[in-house]
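**Q** Quick check, what structure comes out for this input:
(chains A, B, C and D)
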Protein chains: 2
Amino acid sequence: MIIRIETTSDVPIYTQLTNQIIEGIARGDIQYGDSLPSVRAFAADLGVNMHTVNKSYHELEKKGIIKIVPKSGAIISPSKQVTNEMNERIHSEIKPIIAEALVLGVKKEQIQQLIFSIMEEMKER
Amino acid sequence: MIIRIETTSDVPIYTQLTNQIIEGIARGDIQYGDSLPSVRAFAADLGVNMHTVNKSYHELEKKGIIKIVPKSGAIISPSKQVTNEMNERIHSEIKPIIAEALVLGVKKEQIQQLIFSIMEEMKER
DNA sequence: CAATTTGTTCTACACATTATAGAACAGTTT
DNA sequence: AAACTGTTCTATAATGTGTAGAACAAATTG
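**A** Next comes the predicted model:
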């Protein structure tokens, strides 16, 4: 799985990493039960600091996507159930973007089409 | 139009303001051609700093949503055409959220339904 | 015309975030 | 036993966020 970090981006490195790992799982590049590289190995591979990778892993754990086993590794954990908190977070994150698209003149049908095309790249579970 | 600022949020105040103004336009609370309050008046109203409101206005102008007329005011500008840059920005903002939702176990149909319900609150143009 | 209001620009300060770096620790794996 | 694991700590530099006050020139208002 290829990770691309843009140091010039205004998006923090640990967020870029978190998002690309999530997309990797959604695409099916990484399977449930797989382990992520150790924070040191991944950091060396990406050319970033160990603590930056560590922060990304903890973000993923907070989101409920991986399980960090102390002194062992980070394992992609199977999604059990969608909690209210998860639904609300998704809703509040998507809403401003939809509003912006509409205000900019994107038609509702085009937005539905955009969502569809994004989801087509990803594996259904 | 009611603006709610949460100072404890990890979302910057100027971003909260930007998003709520965009949602106000999308909902139809603010019409095209309307003026936004002056940065000083709005800041006093919201209980935040003038510069914070100013930053939000410039963010809105950068997005192509308002036109700031120097020494005059900020006017909601009609959406002319959707540029490639706009489409790409929307795509790159939505993609990680969709991926996250899928990984968390939200079904594709549920996501389409969520998008639909968000858009239902908003006025078609 | 005079006063007020407008966005703009500047300096300044406090605080939080981001990213890097190195060291040390205890538990796990090899 | 050696290597590797995540964790925790201190430290530093750069950047982002928010507030504050002052000044300016242009536009608006009375």
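
**Q** Give me the buried stretch members for the longest helix anywhere in chain A, please.
**A** Identified as the longest helix of chain A according to DSSP state H is helix A:84-103. For helix A:84-103, a neighbour-count test (16 or more other CB atoms under 10 Å in any protein chain shown) marks A:86, A:89-90, A:94-103 as buried. For every residue, glycine as well, the C-beta is placed using N, CA and C.

**Q** Please apply the same query to stretch A:102-116.
**A** Across stretch A:102-116, burial judged by 16+ other CB under 10 Å covers A:102-106, A:108, A:111, A:114-115.

**Q** Strands of chain A, residue ranges please.
**A** Assigned by DSSP state E, chain A shows strands spanning A:35-36, A:66-69, A:73-76.

**Q** Flag every residue of chain A that's near DNA strand C.
**A** A:7, A:12-15, A:48-49, A:51-52, A:55, A:71-72 (CB under 7 Å from any atom of the strand).

**Q** could you redo the last one with a cut-off of 10 Å?
**A** Neighbours of DNA strand C within chain A, by CB under 10 Å from any atom of the strand: A:5-7, A:9-17, A:40, A:43-44, A:46-56, A:59, A:69-73.

**Q** Filter these down to the ones in helices?
**A** A:13-17, A:40, A:43-44, A:46, A:50-56, A:59.

**Q** Which entries within these meet the buried criterion?
**A** Neighbour-count burial (16+ other CB under 10 Å) applied to these gives A:13-14, A:16-17, A:43, A:46, A:52-56, A:59.

**Q** So, low pLDDT: which residues of chain A?
**A** Where chain A drops to pLDDT under 70, the residues are A:125.

**Q** picking up where we left off before, could you identify which of the strands of chain A is most buried?
**A** strand A:73-76 (a mean of 19; mean count of other CB atoms under 10 Å in any protein chain shown).

**Q** close to DNA strand D, is stretch A:8-27?
**A** Yes: Stretch A:8-27 reaches DNA strand D (CB under 10 Å from any atom of the strand) through A:10, A:12.

**Q** That stretch and chain B in contact?
**A** Yes: if you take CB under 8 Å from any CB of the partner chain as the test, stretch A:8-27 does meet chain B, through A:19, A:22-23, A:25-27.
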